[in-house]
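J.: Provided below are the primary sequence and the corresponding predicted coordinates.
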Amino acid sequence: METYTGKSIFKGIAIGKILFYQKGEQPVKRMKIEDTAEQIKRYEDARAKAAEQLQGLYEKALKEVGEANAAVFEVHQMMLEDDDYIDSVVNIIETQQVNAEFAVATTGDNFAKMFAEMEDDYFKARAADVKDISERMVNILSGNESGGAIGDEPVIVVAEDLAPSETVQMDKEKLLAFVTRLGSANSHTAILARTMNIPALIEVDIKEEWNGKMAVVDGYTGTFYIDPDEETLKKMQEKKEEDIKARELLQKLKGKEDVTVDGKHIKLYANIGGVKDVASVLANDAAGIGLFRSEFLYLEADNYPDEEAQFQAYKTVAENMAGKKVIVRTLDIGADKQVDYFNLDHEENPAMGYRAIRICLDRRDIFRTQLRALLRASAYGNIGIMYPMIISVDEVKEIKKIVESIKAELTEKGIEYGNVEQGIMIETPAAVMISDLLAEEVDFFSIGTNDLTQYTLAIDRQNSKLDNIYDAHHPAVLRMIQKTIENGHKAGCWVGICGELGADMTLTETFLKMGIDELSVSPTFVLPIRKLIREMSTK
């Protein structure tokens, strides 16, 4: 028996044979050709087929992992239409008189290298996307399109790395787990693994000779056993059965209250990225939606979504939630979420730049359109509005003036709207330090622990070199959370957490003892956290 360790992406136990997954990449040969027009036509045909495949992947991902996680394939479709990329391929074919495969591979390598060397973390991340798209088209051109095929029996997939498109194409019924040498905890593939409830390890020193061997993935400890002995296999089988029973028991918690042993009630809500994610919220029995990331309406469009399109999206979610709270975060574009048609300037440090509420208060036509849509939709359900990246009382007062002016417009036109709660994201140290003053202006706080940790510790959370010191459990971060809760409560303001720390079950008891009122997490975490809440006391 051999034992290896890695970084666990999703907890769980998987037992089965290893499939060493190879992309089937062959060196792309440079071939001299005479008919450049024919090669350009081959390229255009391959591009059309790639677009068709990506649309199919998007629809498959939509059903299996939700709208927010499927969005990567829409990004890939848009990149296929990038004029600079297309011009480069065509230029190489025409000037060098080479085959389409070579022109695509060369362009892909050039663009991936260019993106990887950029300082902006958003563009750095696009390097992998360009590589994925280029490989897809080379495979189409060369007739090698077996990506995602893993055979007829359940397997643990071991690979150097996996692209999101490869992960989604794999048959979920046959994919027991995956183990890779490369990858990161924040990659699209890792997010897909968590959404699909598949045990996964990264940063494992993999070997091709493992192919076909029996293995065990222990996602709880980050351990990978190759050819486990009888004792280990028995122990892991028992652990797997316990895991299955635990998941079945969680289903019995549906319909139960989120209340501690000593009677403290918690609002246990879910985070979503779009309308289609509501199905997962309802399936996991969340009490409401604590974070509707409205920026996905903008990220998925090729121009500013108009008031009617936004209204329909917010209205649909509000109606489907049938009176349960739906908190919509206003546009949070900027930093690592870029939209071409916003024409945002390149920034040396976008995480602390022109983003979120700063854009909204500057480009008020965009902001007013969204607020009108939200207020109109509030007539159809229990909608709350939440504003991100707040650093001052003046910002909140200005926002409230805008909201009141829109309400007056709607009233004048006889358009109904509901009684909307207004709150802010607490994600900057500035907001924490003046939270006593901010609490006087709003109905609720929602602590965005991802950015709060980043700004408190002065660590760029997109920089993988700093992963070892990015500590969301840092005493400074926990004190910031405690101070926010105390100041909010003094002014009668309820306080929640919607960042990833909300799903950190090692801190659930700590948060409850601090006095937190609400936790908003990915839908799949709702029932495990409910179980924890119902077993603990805050005293």
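T.: Yep, that arrived. Numbers count the residues shown, from 1 in each chain.

J.: now the helices for the stretch 401-539 of the chain?
T.: 429-433, 435-438, 449-457, 475-490, 508-514, 526-535 (DSSP state H, counting those that start in this stretch).

J.: Buried residues in the fourth one, which are they?
T.: Which is helix 475-490. By 16 or more other Cβ atoms under 10 Å, the buried positions in helix 475-490 come out as 477-478, 480-485, 487-488. Placement of C-beta: from N, CA and C, glycine included.

J.: returning to what we had before: any chance of JSON lines for the helices of the stretch 401-539 of the chain, columns distance to residue 218 and mean pLDDT?
T.: Compiled in JSON lines, the helices of the stretch 401-539 of the chain are given as follows (distance: least, Cβ to Cβ, whole Å; pLDDT from 0 to 100):
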{"stretch": "helix 429-433", "distance to residue 218": "38", "mean pLDDT": "97"}
{"stretch": "helix 435-438", "distance to residue 218": "42", "mean pLDDT": "98"}
{"stretch": "helix 449-457", "distance to residue 218": "27", "mean pLDDT": "90"}
{"stretch": "helix 475-490", "distance to residue 218": "29", "mean pLDDT": "97"}
{"stretch": "helix 508-514", "distance to residue 218": "23", "mean pLDDT": "95"}
{"stretch": "helix 526-535", "distance to residue 218": "18", "mean pLDDT": "92"}
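
J.: quick one: which of those helices is nearest residue 232?
T.: helix 526-535 (26.2 Å; Cβ to Cβ).

J.: Direction included, what does the longest strand that the chain contains pair up with?
T.: Ordering each strand of the chain by length in residues (DSSP state E) puts strand 13-20 first. The sheet places strand 13-20 alongside strand 155-159 (parallel), strand 214-218 (antiparallel), with pairing taken from DSSP bridges.

J.: what does the first one rub up against?
T.: Okay, so that is strand 155-159. 14, 16-22, 150, 170, 174-181, 204, 206, 210-211, 215, 217 (Cβ atoms under 8 Å, 6 or more residues apart in numbering).

J.: go with 6 Å
T.: 14, 16-21, 176-180, 206, 215, 217 (Cβ atoms under 6 Å, 6 or more residues apart in numbering).

J.: and of those, the nearest to residue 273?
T.: For the contacts of strand 155-159, the nearest to residue 273 is residue 178 (23.0 Å; Cβ to Cβ).

J.: Residue 340 is nearest to which of the helices of the stretch 401-539 of the chain?
T.: helix 449-457 (23.4 Å).

J.: got the angle for that closest one vs helix 475-490?
T.: 120 degrees (axes from the mean of the first three to the mean of the last three Cα atoms, to 10 degrees).

J.: From the chain's centroid, how far away is helix 449-457?
T.: 17 Å (Cα atoms, centre = their mean, to the nearest Å).

J.: What of stretch 400-420?
T.: Distance of stretch 400-420 from its chain centroid, counting by Cα atoms, centre = their mean, is 33 Å.

J.: contacts for it?
T.: 371-372, 375, 378-379, 383, 385.

J.: Residue 345: what's its closest spatial neighbour, skipping adjacent residues?
T.: residue 354 (7.3 Å; Cβ to Cβ, 6 or more residues apart in numbering).

J.: What separation is there between that neighbour and residue 453?
T.: Using Cβ to Cβ, to the nearest Å, residue 354 is found at 22 Å from residue 453.

J.: Just give me the neighbour total for the residue nearest to residue 257 when sequence neighbours are not counted.
T.: Excluding the flanking residues, the one nearest residue 257 by Cβ to Cβ, 6+ apart is residue 265, at 7.0 Å. A total of 12 residues lie near residue 265 under the criterion other Cβ atoms under 10 Å.

J.: hey, where'd the strands end up in the stretch 251-400 of the chain?
T.: Along the stretch 251-400 of the chain, the stretches classed as strands by DSSP state E, counting those that start in this stretch are 267-272, 289-293, 325-329, 382-387.

J.: Any idea which of the ones you listed gets closest to residue 99?
T.: strand 289-293 (42.9 Å).

J.: what angle separates that closest one from strand 325-329?
T.: Interaxial angle of strand 289-293 relative to strand 325-329 (the same axes, to 10 degrees): 30 degrees.

J.: quick one, strand 289-293 and strand 267-272 angle?
T.: Here strand 289-293 runs at an angle of 20 degrees relative to strand 267-272 (the same axes, to 10 degrees).

J.: mind showing which ranges of the stretch 351-500 of the chain have poor pLDDT?
T.: In the predicted model, the stretch 351-500 of the chain carries pLDDT under 70 at residues 461-462, 464.

J.: let's go with 80 and repeat that
T.: Filtered on pLDDT under 80, the stretch 351-500 of the chain yields the residue ranges 351-354, 460-468.

J.: ok, now how distant is residue 142 from residue 75?
T.: 24 Å.

J.: Serialize the strands of the stretch 251-400 of the chain to a markdown table and add fields for mean neighbour count and distance to residue 28.
T.: Conversion of those to a markdown table gives the following (neighbours: other Cβ atoms under 10 Å; distance: least, Cβ to Cβ, whole Å):
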| stretch | mean neighbour count | distance to residue 28 |
| --- | --- | --- |
| strand 267-272 | 25 | 41 |
| strand 289-293 | 27 | 39 |
| strand 325-329 | 24 | 44 |
| strand 382-387 | 24 | 49 |
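
J.: any chance of these in JSON lines, with distance to residue 342 too?
T.: Converted to JSON lines, the strands of the stretch 251-400 of the chain look like this (distance: least, Cβ to Cβ, whole Å):
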{"stretch": "strand 267-272", "distance to residue 342": "23"}
{"stretch": "strand 289-293", "distance to residue 342": "16"}
{"stretch": "strand 325-329", "distance to residue 342": "17"}
{"stretch": "strand 382-387", "distance to residue 342": "18"}
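
J.: closest to residue 110 out of those?
T.: Closest approach to residue 110 among the strands of the stretch 251-400 of the chain (Cβ to Cβ): strand 289-293, 33.2 Å.

J.: What count of nearby residues applies to residue 404?
T.: Count around residue 404 with other Cβ under 10 Å applied: 10.

J.: got the contact list for stretch 102-118?
T.: Stretch 102-118 has contacts (Cβ under 6 Å, 6+ apart) with 28, 30, 88-89, 92-93, 123-124, 126-127, 130-131, 134, 137-138.

J.: Let's see that with 8 Å instead.
T.: Outside stretch 102-118, the residues that touch it by Cβ under 8 Å, 6+ apart are 28-31, 39, 43, 46, 85, 88-90, 92-93, 96, 123-124, 126-128, 130-131, 133-135, 137-138, 141.

J.: quick one: what helix or strand has the residue nearest to residue 58 when sequence neighbours are not counted in it?
T.: In space, residue 58 comes closest to residue 73 once its chain neighbours are excluded; the distance is 4.0 Å by Cβ to Cβ, 6+ apart. Using DSSP states H and E, residue 73 falls within helix 67-80.

J.: Which is the succeeding secondary structure element to that helix?
T.: As the chain continues past helix 67-80, the following element, by DSSP H and E, is helix 83-96.

J.: With neighbour numbers in mind, choose between residue 354 and residue 453.
T.: It is residue 453, of residue 354 and residue 453, that has more neighbours when counted by other Cβ under 10 Å, with 23 against 15.

J.: what angle separates the longest helix seen in the chain from helix 83-96?
T.: Longest helix in the chain by number of residues (criterion: DSSP state H): helix 36-65. With the same axes, to 10 degrees as the basis, helix 36-65 and helix 83-96 are set at 150 degrees to each other.

J.: quick one: buried residues of helix 36-65?
T.: Buried, per 16+ other Cβ under 10 Å, within helix 36-65: 36, 39-40, 42-43, 46-47, 50, 53-54, 57-58, 61-62, 65.

J.: Residue 258: which of those residues is nearest?
T.: Using Cβ to Cβ, residue 65 comes nearest to residue 258 of the buried residues of helix 36-65, at 25.3 Å.

J.: circling back: what about the contacts of stretch 400-420, which are in helices?
T.: 371-372, 375.

J.: I'd like those laid out as TSV, including distance to residue 525 and neighbour count.
T.: Formatted as TSV, the ones in helices among the contacts of stretch 400-420 follow (distance: Cβ to Cβ, whole Å; neighbours: other Cβ atoms under 10 Å):
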residue	distance to residue 525	neighbour count
371	30	23
372	33	20
375	31	23
